[in-house]
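Enquirer: Next comes the sequence, and after it the predicted model I'd like to discuss.
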Amino acid sequence: MVFLEQVIDMCCANYAGEKTDQDKNDVNETSQSSETQPKQLKYSNKDIKFDGIKYAKLLPTIRVAVKDLGFTEDSWNNGDWPACENKWFEDLTQEERRAAETLGWTKEAWDSQFKQHDWRELPENIRRAAVAAGYTEEKWKHNERPKNLDKSWNELEEEDKQHMNVLGYTRWDWD
């Protein structure tokens with residue numbers, strides 16, 4: 001019964017946009033911390049915006065958020081974005097914004113995938129994901145994709161998809 005209560009608490013905290021202990025511990029670096037060395041990172045489902053997870057495998061609270069954004073089970077599984085995709089983050093309804101945040105979206109990730117940010121302005125977790133994906137400060141400054149990312153979404157390595165999910169890219173808007 002205690003386990004069930006912990007799961008319910010975690011789900012409710014996630015839907016309310018609160019950080020759970022699991023969220024705080026999900027991102028683990030497994031190699032050196034030098035910015036020039038690519039890192040293998042482990043991301044939570046929220047970090048990757050639940051991209052690539054079939055609707056049937058989503059927790060019930062995440063399904064609610066998915067539906068609040070306007071997805072159906074089929075559209076989520078097929079990668080068909082609802083109309084809210086074309087809205088700026090601040091133009092989302094309160095319900096849509098709360099749902100987007102539950103799925104891991106921030107204003108910067110939703111609106112621009114952090115493209116408008118100078119390298120040194122990037123939040124640390126975003127810069128770590130960018131470095132792991134192959135970006136350098138120079139490539140970022142010149143909006144130059146690393147060679148490993150110069151592919152369609154389906155051709156990307158799973159790790160690169162996850163790095164790009166953290167930056168705000170998904171299978172829906174990559175190609």
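Expert: Arrived safely, thanks for sending.
Enquirer: Tell me the helix or strand right after the least confident helix or strand in the chain by mean pLDDT.
Expert: Lowest on mean pLDDT, DSSP states H and E among the helices and strands of the chain sits strand 28-29, with a mean of 36. The helix or strand immediately downstream of strand 28-29 is strand 41-42, counting by DSSP states H and E.
Enquirer: Quickly run through the sheet partners of that following strand, with directions.
Expert: When sheet partners are counted by DSSP bridges, strand 41-42 sits next to strand 28-29 (antiparallel).
Enquirer: can you map out the helices along this protein?
Expert: 2-15, 21-26, 60-68, 73-78, 94-102, 107-112, 124-132, 137-141, 158-167 (DSSP state H).
Enquirer: tell me the mean pLDDT over the longest one?
Expert: The reference is to helix 2-15. For helix 2-15, mean pLDDT rounds to 45.
Enquirer: What of the second one?
Expert: Rounded to a whole number, the mean pLDDT of helix 21-26 is 40.
Enquirer: Kindly report the same for the last one.
Expert: The average of the pLDDT scores along helix 158-167 is 93.
Enquirer: would you turn the helices of the chain into a markdown table with mean neighbour count and distance to Asp150?
Expert: In this view, the C-beta of every residue, glycine as well, is placed from N, C-alpha and C. Converted to a markdown table, the helices of the chain look like this (neighbours: other C-beta atoms under 10 Å; distance: least, C-beta to C-beta, whole Å):
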| stretch | mean neighbour count | distance to Asp150 |
| --- | --- | --- |
| helix 2-15 | 13 | 34 |
| helix 21-26 | 12 | 29 |
| helix 60-68 | 18 | 30 |
| helix 73-78 | 14 | 25 |
| helix 94-102 | 18 | 28 |
| helix 107-112 | 18 | 20 |
| helix 124-132 | 19 | 15 |
| helix 137-141 | 14 | 12 |
| helix 158-167 | 20 | 11 |
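Enquirer: Need those in a markdown table (columns: distance to Asn86).
Expert: Below are the helices of the chain laid out as a markdown table (distance: least, C-beta to C-beta, whole Å):
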| stretch | distance to Asn86 |
| --- | --- |
| helix 2-15 | 24 |
| helix 21-26 | 29 |
| helix 60-68 | 17 |
| helix 73-78 | 15 |
| helix 94-102 | 12 |
| helix 107-112 | 11 |
| helix 124-132 | 23 |
| helix 137-141 | 26 |
| helix 158-167 | 20 |
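Enquirer: out of these, nearest to Lys49?
Expert: helix 158-167 (5.5 Å; C-beta to C-beta).
Enquirer: Show me what the closest one is packed up against.
Expert: helix 124-132 (3 or more C-beta pairs under 8 Å, 6 or more residues apart in numbering; DSSP states H and E).
Enquirer: Taking helix 158-167 as reference, get the angle to the helix it packs on.
Expert: Relative orientation of helix 124-132 versus helix 158-167 (axes from the mean of the first three to the mean of the last three C-alpha atoms, to 10 degrees): 150 degrees.
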